[in-house]
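Asker: With the sequence up front, the predicted model follows.
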Amino acid sequence: MQYKSITLSLNEFQYLFMMRSQFIKEYLSFSRKERGGIFLLLFFILLCIVAPFFYPFFIHSKKYDHTAFEQAIAQLKLQEIDSSMSKKYYSKNFDKGNYQDESNRDGSYYESSEKKYHAEKKAEVFYFDPNTVSANDWVRLGVRDKTIRTIQKYISKGGHFYKPGDLSKIWGLHPDDIERMLPYVKIESNQKSFAVKKNYPENQSYKKPLYQITDVNTADTSAFILLPGIGSKLANRIVNFRDKLGGFYSIEQVKETFGLPDSTFQKIRSKLMLAQPEVKKIDINSATLDELKAHPYLRYAIANAIIQYRNQHGKFSSVETLKNIMLVTPEIYSKVFPYLSAGL
């Protein structure tokens, strides 16, 4: 009786084991439709994984040209460098007493000292002869001491005022002062001064020393000083600017001189000439960084870009290759092109 109960227990165990095995088998087995659904699902999963790699062949994204934007950014960087250099240069060279040499790039004068001068000094008006008037009378007229010395030096060297408008020849005389004094100018005829001109030897001709035609590539500072509105500082700046460039190839380049007002350039424009527009050229295939950055049209940023491009791509086949450099904008290229060569 006890043996039978044990047998029944084993039978029950076998039955349970068989039921479990059958359940697992049925659970893990799939019908034909289920297998087809699984394969279809795997296909779609694989398709979703691979599809992004084929997008470029079917979907073409719009391409944008960023060249103009990059050139604009480069130009702003260059202007920022120029601005900082200009402020540094101005702080070292500004002379409060010389309002006509020191000016903004837009041609406006620094008038702080001038306004202070006119506010402190009350000018009188009376009839006078600029050829004979004394220094004290010039002071009464409201003329600055520095300008009075210029007038007296001009007269002592044989200069003469022949008409009221000749006052404009005096460098340093403010236009407001000229306009105020012109109605009161009375010039007495001086026969001796005219006789002196007629008594020159026949082999010599009297030459008026002011406002002669000046060759911008050969003139020295003394020749530029003779032009209206050009003082010693502006004359030196024009010559220094010309030397740094390597010569002018256009008269219009003169107005790029730092501190030269556009109004002054327009006055002297008709008195300038360019007989030989020959300039000194820089070989971009052999020039060093210091040689390139010394040129006013290149500066450090562009000069360094030229050197880096040459190191990466080898020597330049022509000057036009510079157009491949982002910092070399069309405007800069047109200005600097006459000064460069690509000697191989």
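Answerer: Nice, I can see it. All values derive from a computational prediction rather than experimental measurement.
Asker: ranges for the strands of the chain?
Answerer: Using DSSP state E, the strands of the chain run over residues 214-215, 272-273, 282-283, 340-341.
Asker: ranking those strands by burial, who's on top?
Answerer: Highest mean neighbour count among the strands of the chain (mean count of other CB atoms under 10 Å): strand 340-341, with a mean of 20. For every residue, glycine as well, the C-beta is placed using N, CA and C.
Asker: Show me the contact partners of that strand.
Answerer: If you take CB atoms under 8 Å, 6 or more residues apart in numbering as the criterion, strand 340-341 is touched by K281, I282, D283, I284, V319, L322.
Asker: is it true that the fifth one touches S334?
Answerer: No - the criterion here is CB atoms under 8 Å, and V319 misses it with S334 at 11.6 Å.
Asker: between the two, who's got more neighbours?
Answerer: More crowded of V319 and S334, by other CB atoms under 10 Å: V319, with 17 against 10.
Asker: do you know how far the more buried one is from T214?
Answerer: Counting by CB to CB, to the nearest Å, the separation of V319 from T214 is 31 Å.
Asker: same thing with A275?
Answerer: Separation of A275 from T214 (CB to CB): 11 Å.
Asker: Can you give me the buried ones in stretch 240-249?
Answerer: Using 16 or more other CB atoms under 10 Å as the test for burial, stretch 240-249 gives F241, R242, L245, G246, G247, F248, Y249.
Asker: how about it as PDB, C-alpha atoms only?
Answerer: Coordinates of each C-alpha in stretch 240-249 appear next as PDB, following Å, rounded to 0.1, in the frame of the first residue of the first chain:
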ATOM      1  CA  ASN A 240      57.100 108.800 -45.600                       C
ATOM      2  CA  PHE A 241      53.900 107.300 -46.900                       C
ATOM      3  CA  ARG A 242      55.300 107.300 -50.400                       C
ATOM      4  CA  ASP A 243      58.600 105.700 -49.300                       C
ATOM      5  CA  LYS A 244      56.700 102.900 -47.400                       C
ATOM      6  CA  LEU A 245      54.500 102.200 -50.400                       C
ATOM      7  CA  GLY A 246      57.500 102.200 -52.800                       C
ATOM      8  CA  GLY A 247      56.200 105.100 -54.800                       C
ATOM      9  CA  PHE A 248      52.800 106.300 -56.100                       C
ATOM     10  CA  TYR A 249      51.100 104.800 -59.100                       C
END
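Asker: so how far is that stretch off the chain centroid?
Answerer: Taking CA atoms, centre = their mean, to the nearest Å, one finds stretch 240-249 lying 16 Å from the centre of the chain it belongs to.
Asker: average model confidence for it?
Answerer: Mean pLDDT, stretch 240-249: 92.
Asker: quick one: contacts of it?
Answerer: 216-217, 253-254, 256-258, 274, 277-282, 294-297, 338-339.
Asker: Near the closest residue to M181 other than its chain neighbours, how many other residues are there?
Answerer: The spatially closest residue to M181, leaving aside those adjacent along the chain, is L141, at 6.1 Å (CB to CB, 6 or more residues apart in numbering). By the measure other CB under 10 Å, the count of residues near L141 is 19.
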